[in-house]
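Novice: Any chance you could fold what I've pasted below:
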Amino acid sequence: MTGVFGADAGEVKSVSVMEGHSVTLHMNDTKIQSDTLIMWTFGPRETLIARIHRKANEISIYDDVHDGMFRDRLKLSKLSGSLTITNIMTELSGLYKLTIISTAETSYTFSLNVHAHLPVPFISRVSSQCSSSSTCVVLCSVMNVSHVSVSWYKGKSLLSSISVSDLNIRLSLPLEVEHQDTNTYRCVVNNTVTNHTQHLNITQVCHKCSVRGLHPGYIALMCVVVLGITAAVVKCMLCSKELVYNNNTSSMLRHYRALHENKERNGGGPIQATRKQELDEALVTMIVKDTQPFSVVEDVGFRDYVHKLDPTYVLPTRQAVKAMVEAKYA
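Specialist: Model prediction:
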């Protein structure tokens with residue numbers, strides 16, 4: 001795919017292309033005299049990369065400069081003076097200057113931005129454990145990106161957005177939804193050239209754990225009812241261990257009491273409601289005392305730090321934090 005971009009004298013023309021494509025740069029004024037000297041330069045030091053000396057009938061391409069990164073990529077039109085860069089890569093981003101010298105000197109400048117291929121975003125749950133909560137927090141993430149934005153949409157309405165400039169990092173944006181929510185949500189990652197969309201399937205991503213808090217006998221029984229029996233074997237819904245089934249739930253009950261009962265009683269699953277409330281209140285106090293923006297809960301470093309402190313704690317969304325601050329200090 002080739003993009004063709006023209007510039008007027010004295011302006012800086014911004015050009016964005018995808019890595020691997022071709023781009024042609026030219027001046028909008030097509031009148032070039034026969035004795036014209038045409039020069040293309042690259043970068044802040046204006047390194048000469050191509051030249052046409054019409055009076056001497058000479059065309060020169062200097063593609064060995066900058067450690068040869070232009071090698072076999074430059075094509076120069078003798079007729080129009082346009083420069084084509086093929087199979088372009090991100091390292092070729094920068095300023096390209098066309099200088100035409102005849103009876104007077106005229107220059108044309110292009111600011112070329114080459115974008116790496118945009119990855120498709122992926123959606124995951126913040127906590128891999130199931131929960132009895134009525135809400136679910138999911139993350140939309142893209143890996144190794146720069147100069148992109150990630151946004152959540154509800155239908156056609158923009159809910160939140162986060163951007164990164166020139167850091168090659170993982171970019172993530174959280175969203176809190178209700179398990180029973182029937183609205184359409186989608187995550188969009190985009191740069192100035194293209195975009196990719198991933199739709200949220202709440203039922204698939206947010207596994208609501210319907211067994212916590214029930215009597216262990218019912219948990220064992222639900223292993224049979226929900227997952228079924230295959231070759232006299234059942235599977236525990238809490239740890240996926242396969243157990244022998246002998247037409248009763250004794251083996252499942254013994255397994256539950258040996259491996260899961262104490263964890264359930266001692267809060268080995270998702271964070272308890274009272275503990276989450278305490279941490280939410282502490283977060284609100286910190287934000288107010290230190291005059292932090294609500295968006296701090298979306299910062300990747302802060303989220304990683306909180307996860308190290310307590311992996312079971314799910315940070316509230318920016319909108320939820322704002323509502324808590326307003327409720328407490330309004």
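
Novice: longest helix of the protein?
Specialist: With DSSP state H setting the assignment, residue counts place helix 273-289 as the longest helix in the chain.

Novice: could you dump it to PDB, C-alpha only?
Specialist: Provided in PDB are the C-alpha atoms of helix 273-289 (Å, rounded to 0.1, in the frame of the first residue of the first chain):
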ATOM      1  CA  ALA A 273     -16.700  -7.000  51.800                       C
ATOM      2  CA  THR A 274     -15.600  -5.200  55.000                       C
ATOM      3  CA  ARG A 275     -12.000  -5.400  54.100                       C
ATOM      4  CA  LYS A 276     -12.600  -3.900  50.600                       C
ATOM      5  CA  GLN A 277     -14.600  -1.100  52.200                       C
ATOM      6  CA  GLU A 278     -11.700  -0.300  54.500                       C
ATOM      7  CA  LEU A 279      -9.300  -0.200  51.600                       C
ATOM      8  CA  ASP A 280     -11.600   1.900  49.400                       C
ATOM      9  CA  GLU A 281     -11.900   4.400  52.200                       C
ATOM     10  CA  ALA A 282      -8.200   4.500  52.700                       C
ATOM     11  CA  LEU A 283      -7.700   5.100  49.000                       C
ATOM     12  CA  VAL A 284     -10.200   8.000  49.000                       C
ATOM     13  CA  THR A 285      -8.400   9.500  52.000                       C
ATOM     14  CA  MET A 286      -5.000   9.200  50.200                       C
ATOM     15  CA  ILE A 287      -6.400  10.800  47.000                       C
ATOM     16  CA  VAL A 288      -7.800  13.800  48.900                       C
ATOM     17  CA  LYS A 289      -4.800  14.300  51.300                       C
END
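
Novice: Pull out the buried residues from it.
Specialist: Taking 16 or more other CB atoms under 10 Å as the basis for neighbour counts, the residues of helix 273-289 that come out buried are 276, 279, 280, 283, 284, 287. (Each C-beta comes from the backbone N, C-alpha and C, glycine too.)

Novice: Run through the residues that contact the fourth one.
Specialist: Residues counted as contacts of residue 283 (CB atoms under 8 Å, 6 or more residues apart in numbering) are 297, 315, 316, 321.

Novice: and the residue nearest to the first one when sequence neighbours are not counted, what does it touch?
Specialist: By the measure of CB to CB, 6 or more residues apart in numbering, the closest residue to residue 297 outside its immediate chain neighbours is residue 315, 4.8 Å from it. Contact partners of residue 315, counting by CB under 8 Å, 6+ apart, are 126, 137, 174, 283, 297, 303, 306.

Novice: burial count for the first one?
Specialist: Read that as residue 126. If you count neighbours by other CB atoms under 10 Å, residue 126 ends up with 17.

Novice: gap between the residue nearest to it when sequence neighbours are not counted and residue 173?
Specialist: Ranked by CB to CB, 6+ apart and with sequence neighbours excluded, the top spatial neighbour of residue 126 is residue 137, at 4.4 Å. For residue 137, the distance to residue 173 equals 11 Å [CB to CB, to the nearest Å].

Novice: The two - which one has more neighbours?
Specialist: Of the pair residue 137 and residue 173, residue 173 is the one with more neighbours under other CB under 10 Å, namely 24 against 19.

Novice: quick check, the more buried one in a strand?
Specialist: Yes. Counting by DSSP: H, G, I helix; E, B strand; the rest coil, residue 173 is found in a strand.

Novice: correct me, but it touches residue 152?
Specialist: Yes. The criterion here is CB atoms under 8 Å, and residue 173 meets it with residue 152 at 6.1 Å.

Novice: which residues do the two both contact?
Specialist: Common contact partners of residue 173 and residue 152 (CB under 8 Å, 6+ apart): 140, 160, 161, 187.

Novice: per-residue pLDDT, the residue nearest to residue 126?
Specialist: In the predicted model, residue 137 carries a pLDDT score of 88.

Novice: Touching, it and residue 178? I think so.
Specialist: No. Contact between residue 137 and residue 178 fails when scored by CB under 8 Å: they sit 11.2 Å apart.

Novice: for the nearest residue in space to residue 317 that is not next to it in sequence, helix, strand, or coil?
Specialist: Leaving out its chain neighbours, the residue that sits closest to residue 317 by CB to CB, 6+ apart is residue 176, at 4.7 Å. Residue 176 carries the three-state label strand when classified by three-state DSSP.

Novice: partner residues bridging residue 176?
Specialist: residue 137 (DSSP bridges).

Novice: Just the helices from the stretch 51-200 of the chain, written as ranges.
Specialist: 65-68 (DSSP state H, counting those that start in this stretch).

Novice: could you pull out the strands for it?
Specialist: Defined through DSSP state E, counting those that start in this stretch, the strands belonging to the stretch 51-200 of the chain, from first to last, are 58-61, 74-76, 83-85, 94-101, 105-115, 122-125, 135-145, 148-154, 157-164, 169-178, 185-190, 195-199.

Novice: Pretty sure residue 328 sits in a helix.
Specialist: Yes. Note on residue 328: a helix contains this position according to three-state DSSP.
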